[in-house]
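Q: next one to model:
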Amino acid sequence: MAVSLGMRISGLLFVGAVAVAAAAFTGLEGGDRADGGGGGPAVTAGPSTGPVTASPSPSTRQRPDGHIGAPAVTGAPGAVADGAPPRRSASPAPSESRDHFVAPAWLPPGPGSPDLDGTADPASVYDRLRDPGACGTALDGVPEAADGDEWTLLRALSSACLAVQGEGGDWEQADRDHAALAGEVRSCKGRAAYAVLGGLLDFHRRSPGATVRLRTPAGGTPACGYRIAGVDTGGDGTARPAEVIGIELADTYFDPAELPRAATVTVGGRQVPGVPLLGPRSGDTVVLSVVVPALGPGPVDVSLRYGGDEVRLPQAFTVAPPDVVPDPAPEQDTGGGQDVQAPSAEVPAGLMSFARPGAPQGGLEQVTGATPSAPGRPTRG
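A: Here you go, the predicted structure:
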């Protein structure tokens, strides 16, 4: 009886050890399963009087590689069984903490003014402002007393350029100047500067606290379409040598005051005589008066070179032939109430033809005698 009890106790201890080992093995294998479930058989301990049995789990089957439960995963990290691609979390990408703004458009090319006299004028200051880094110095050298719509506009644009880049400036003053100049700026560079200033102010209204770095546009359509718009000859499209004509220049991108000293004008391939005269100006249109050189009749081209640019207008007008000058009428002497005509080749020497009062219309009476300078000598009887 004692031996039988010891055997039972030993059997129970052995079954318990097997159960603990099986549970530990099942827990390790279950941790490797893709679905997180357990594997392995469920081991139970029966009563001390019965045999020990192990009931397999209905979802557990033995794999060809000898593992029970979930397969052992090997290979690259993140790989799963049966060659399926790894599952990745759909977590959103981290958002950037700083907003991005598209910089407003900056000044297009002019083209650049030759500025041959070196004096600051609105056209040359526009060219300096094309570099956004020079907005603080572009107006250096401009007299404070310089006024006019163009100067007011350039000062407002310089201030807004600094403000949008976070370098100072005055948004409120720029806005006031922009409103006051509506419809007042007439030059091609002035119109481009006004449009750019409006774009900066719109950007500031949408994003009051934002600053951006302005960029000089590379290439693009120039602000000015400089050309010879026409030639004024007085209305009939013809002119003669030595007459004055007016050359109308449109979209001038420079200071027209420099033209008389620096421009070269040709008509029909010949340079005009004298110095061109600067006529009236309206916005970016100016009239240059020149004298037509000696040319034969026919259509002619007109060209003007200033700095490195030349503009030409083909068949700008027609040179008219000179007028036919009539022969002058013979001189007449009305002294003594008689019309005296000069001697003609048909009148022999010593004879004069006089128009006698009362003679037939257009008739002449020939009087034979000595000329007034050679009195006659008396004849002997």
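
Q: all strands of the chain, in order?
A: Under the criterion DSSP state E, the chain contains strands at 42-43, 54-55, 227-232, 238-239, 244-250, 264-267, 270-271, 277-282, 285-291, 298-306, 309-319, 351-354, 365-368.

Q: mean pLDDT added to these, as TSV?
A: Output for the strands of the chain, formatted as TSV (pLDDT from 0 to 100):
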stretch	mean pLDDT
strand 42-43	41
strand 54-55	44
strand 227-232	96
strand 238-239	96
strand 244-250	96
strand 264-267	96
strand 270-271	96
strand 277-282	88
strand 285-291	95
strand 298-306	97
strand 309-319	96
strand 351-354	38
strand 365-368	42
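
Q: got a markdown table for the ones you listed, with mean neighbour count and distance to Ala180 too?
A: Every C-beta, even on glycine, is put in place using the N, C-alpha and C of the backbone. Output for those, formatted as a markdown table (neighbours: other CB atoms under 10 Å; distance: least, CB to CB, whole Å):
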| stretch | mean neighbour count | distance to Ala180 |
| --- | --- | --- |
| strand 42-43 | 17 | 92 |
| strand 54-55 | 10 | 96 |
| strand 227-232 | 16 | 30 |
| strand 238-239 | 19 | 44 |
| strand 244-250 | 19 | 27 |
| strand 264-267 | 18 | 38 |
| strand 270-271 | 12 | 45 |
| strand 277-282 | 12 | 21 |
| strand 285-291 | 19 | 24 |
| strand 298-306 | 18 | 33 |
| strand 309-319 | 16 | 34 |
| strand 351-354 | 15 | 86 |
| strand 365-368 | 10 | 91 |
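
Q: among these, which is nearest Pro256?
A: Within these, the stretch nearest Pro256 is strand 285-291; the backing value is 4.3 Å (CB to CB).

Q: CA atoms of the closest one as CSV?
A: Provided in CSV are the C-alpha atoms of strand 285-291 (Å, rounded to 0.1, in the frame of the first residue of the first chain):
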residue,chain,number,x,y,z
THR,A,285,5.7,108.7,-76.4
VAL,A,286,8.0,111.5,-77.6
VAL,A,287,8.4,113.3,-80.9
LEU,A,288,11.9,114.1,-82.3
SER,A,289,12.0,116.7,-85.1
VAL,A,290,14.7,116.4,-87.8
VAL,A,291,15.5,117.9,-91.3
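
Q: give me the angle between that strand and strand 277-282.
A: Between strand 285-291 and strand 277-282, the angle comes out at 160 degrees (axes from the mean of the first three to the mean of the last three CA atoms, to 10 degrees).
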